[in-house]
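Undergrad: all I have is the shape, not the residue letters:
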């Protein structure tokens, strides 16, 4: 059957892969910290105190920048 009409199974396979891959379009990638959770959770007050003491972005990713010689 596949040898007689190869386009139909190929089209069904591509459609299946597209349907399976659709949830990846709504992914939000990044690093979460305690400040991204709801305000009522136990970790929020501690995170707020640390943010007050060290400033906003204290738990963000550390970036290192260097100028290289040519």
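TA: On my side now, so go ahead. Since the model is a prediction, treat every value here as computed from it, not as a measurement. Numbering: from 1, shown residues only.
Undergrad: quick one, phi/psi of the most centrally placed residue in the chain?
TA: Closest residue to the average C-alpha location of the chain: residue 29 at 1.4 Å, with Cα atoms, centre = their mean. Dihedral pair for residue 29: phi -90, psi 150, per degrees, to the nearest 10.
Undergrad: can you name the next helix or strand after the longest helix along the chain?
TA: Counting by DSSP state H, the longest helix found in the chain is helix 7-21. Remark: after helix 7-21, the chain's next helix or strand is helix 43-54, criterion DSSP states H and E.
Undergrad: pull out the buried positions in that next one.
TA: Going by neighbour count (16 or more other Cβ atoms under 10 Å), the buried part of helix 43-54 is 47, 51. In this view, the C-beta of every residue, glycine as well, is placed from N, C-alpha and C.
Undergrad: and that helix, average pLDDT?
TA: Across helix 43-54, the average pLDDT comes to 78.
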